[in-house]
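> Kindly generate the corresponding structure for this input.
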Amino acid sequence: MSVRHALSLEDIGPQNLSMLIDDSLKIAAGDAGRTKPLAGRIAGIFFRGTSTRTRTAFTVGALKLGASIITYGPDDLQIKTGETIEDTARVLSGFLDILVIRTNDSIAEMNALAAQDRMAVINAMSENEHPTQAIADLVTMKEEFGHLNVHVLYLGEGNNSAAALALAVSMTPRMRLTLVTPEDYGLPPSVLEKANRLALQHGSSIEQHHCMDNLPKEVDVVYTTRWQTMGVPKADPNWVEKFKPYSVTKEVMAKTSKPSGRTIFLHDLPAVRGMDVYDEVLDGPQSRAFRQSEHKLNSAMSVLQWCLAETELTIGQGNHLIGESRLHHPPVPMCPQLYGELQARERPGELCILRE
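Numbering: from 1, shown residues only. Below you'll find the predicted structure:
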């Protein structure tokens with residue numbers, strides 16, 4: 001059986017992106033029901049970097065959907081002692097149904113982990129892109145406005161969150177994104193080129209410049225992120241001075257907001273108050289940053305379900321087949337304790353067999 005990986009928004013594509021946004025809103029509204037579609041699934045949560053929202057969102061989301069989880073810290077796997085990513089993928093794909101991974105490194109490591117069709121892999125942030133963050137961003141906007149025909153002003157570094165936002169906007173018709181970044185800290189040229197190419201295909205608009213004196217007026221959304229992604233230092237010792245003009249202050253909000261006051265402020269968090277954003281903005285009436293963080297859970301649940309949508313477990317009758325799994329080739333008797341929440345289904349004298 002094949003699985004879906006969620007490594008980049010470009011791979012997910014515009015139709016699936018739209019569906020994931022709508023599914024996230026249904027989950028947020030409580031319309032997704034109380035079923036456990038991932039009952040019997042095992043999710044690995046592997047975070048090589050710090051995380052408050054994303055790690056909690058995927059852990060809680062997997063549990064709410066009925067999956068059992070196993071977590072790995074940066075030093076827990078034998079990758080630390082020299083085992084190859086390829087060998088790690090072969091091993092983990094024999095145990096796990098899905099692996100959620102965060103790293104400060106390039107997406108190449110995730111691509112290597114995803115070079116198999118037994119275990120789905122989700123990018124919970126790489127150096128290149130933070131796809132599930134962008135899904136949560138657009139969920140927040142659609143919840144607020146009822147549509148995505150909006151103009152987003154992004155201020156600050158062209159980091160992985162900005163890259164994901166640009167790709168999401170580029171695949172969403174009628175959306176517009178203006179990025180205003182410090183010189184030499186914009187989107188990587190390859191990402192900007194890709195986003196513009198996709199925008200031409202889908203009827204959206206992406207532009208980037210570096211001048212704070214040329215901010216667009218009456219935008220729908222003002223968005224910023226932490227200037228030091230994952231706390232990684234920058235090579236230029238004077239980088240803070242270059243970024244200071246790009247702080248989101250109440251003056252910036254007043255200059256760019258609609259007269260109606262319908263302009264909202266977003267931040268992927270964590271925020272460094274007094275630097276990327278000031279208190280009166282982050283805690284002010286236009287801020288939706290903390291609602292945005294809540295949507296990290298809804299988008300995580302939506303992506304988890306989407307990745308495994310074509311490989312749902314079914315409870316058999318007669319021969320008491322628990323389900324179809326990618327765990328073993330050929331079929332072998334398997335102890336149901338492996339499946340956490342499926343332990344309750346074990347009955348004396350019955351054989352639990354997993355088969356492809």
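> Am I right that Ala134 is in contact with Met171?
No: counting by CB atoms under 8 Å, Ala134 does not reach Met171; the two are 10.0 Å apart. Backbone N, C-alpha and C define where each C-beta goes, glycine included.
> what residues are shared contacts of these two?
Counting by CB atoms under 8 Å, 6 or more residues apart in numbering, the contacts common to Ala134 and Met171 are Leu9.
> What is the longest helix seen in the chain packed up against?
The longest helix of the chain (DSSP state H) is helix 289-307. Contacts defined by 3 or more CB pairs under 8 Å, 6 or more residues apart in numbering; DSSP states H and E place helix 289-307 against helix 14-29, helix 53-64, strand 120-123, helix 131-145, strand 264-267.
> Tabulate these (CSV), appending mean neighbour count and distance to Val91.
Below are those laid out as CSV (neighbours: other CB atoms under 10 Å; distance: least, CB to CB, whole Å):
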stretch, mean neighbour count, distance to Val91
helix 14-29, 18, 29
helix 53-64, 21, 20
strand 120-123, 27, 14
helix 131-145, 24, 25
strand 264-267, 24, 38
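> give me the number of residues near Ser260?
When neighbours are defined as other CB atoms under 10 Å, Ser260 has 7 of them.
> and it, that one's in a strand?
No: read with DSSP: H, G, I helix; E, B strand; the rest coil, Ser260 is coil and lies in no strand.
> Could I get the pLDDT score of it?
The score at Ser260 is 90. That number is its pLDDT.
> out of the helices and strands packed on helix 289-307, nearest to Asp87?
strand 120-123 (15.4 Å; CB to CB).
> who's in contact with that closest one?
By CB under 8 Å, 6+ apart, strand 120-123 touches 3-8, 58, 97-101, 107, 110, 113-114, 129-132, 303-304, 307-308.
> switch the cut-off to 6 Å
3-7, 98-100, 110, 113-114, 131, 307 (CB atoms under 6 Å, 6 or more residues apart in numbering).
> and the gap between Leu65 and Thr54?
The gap separating Leu65 from Thr54 is 16 Å, by CB to CB, to the nearest Å.
> Now do the residue lying closest to Leu187 once chain neighbours are set aside against Gln228, distance only.
Closest residue to Leu187 apart from its sequence neighbours, by CB to CB, 6 or more residues apart in numbering: Gly158 at 3.7 Å. Taking CB to CB as the measure, Gly158 falls 14 Å from Gln228.
> what's the answer for Gln133, then?
Distance, Gln133 to Gln228, by CB to CB: 16 Å.
> now swap in Ile12 and tell me
Ile12 sits 28 Å away from Gln228, going by CB to CB.
> Pick out whichever of the two has more residues nearby.
Between Ile12 and Gln228, counted using other CB under 10 Å, the more crowded position is Ile12 (22 against 17).
> Need the per-residue pLDDT for that one.
Note on Ile12: pLDDT of 95.
> wait, is the residue nearest to Leu187 part of a strand?
No: assessed with three-state DSSP, Gly158 is coil; it does not lie in a strand.
> Tell me who's in contact with the residue positioned nearest the centre of the chain.
The residue lying closest to the centre of the chain (CA atoms, centre = their mean) is Thr132, at 1.5 Å. Going by CB under 6 Å, 6+ apart, Thr132 touches 299, 303.
> one more time with 10 Å
By CB atoms under 10 Å, 6 or more residues apart in numbering, Thr132 lies in contact with 6, 9, 20, 24, 54, 57-58, 100, 122-125, 164, 296, 299-300, 302-304.
> just Ser126 next, same as before
Applying CB under 10 Å, 6+ apart, we find Ser126 in contact with 7-8, 48-49, 101-111, 160, 163.
> and what of Ala29?
143, 298.
> Read off the pLDDT value for it.
For Ala29, the model assigns a pLDDT of 94.
> ok, it to Val100 distance?
In terms of CB to CB, Ala29 sits 24 Å off from Val100.
> same thing with Asn149?
Spatial separation of Asn149 from Val100 under the definition CB to CB is 32 Å.
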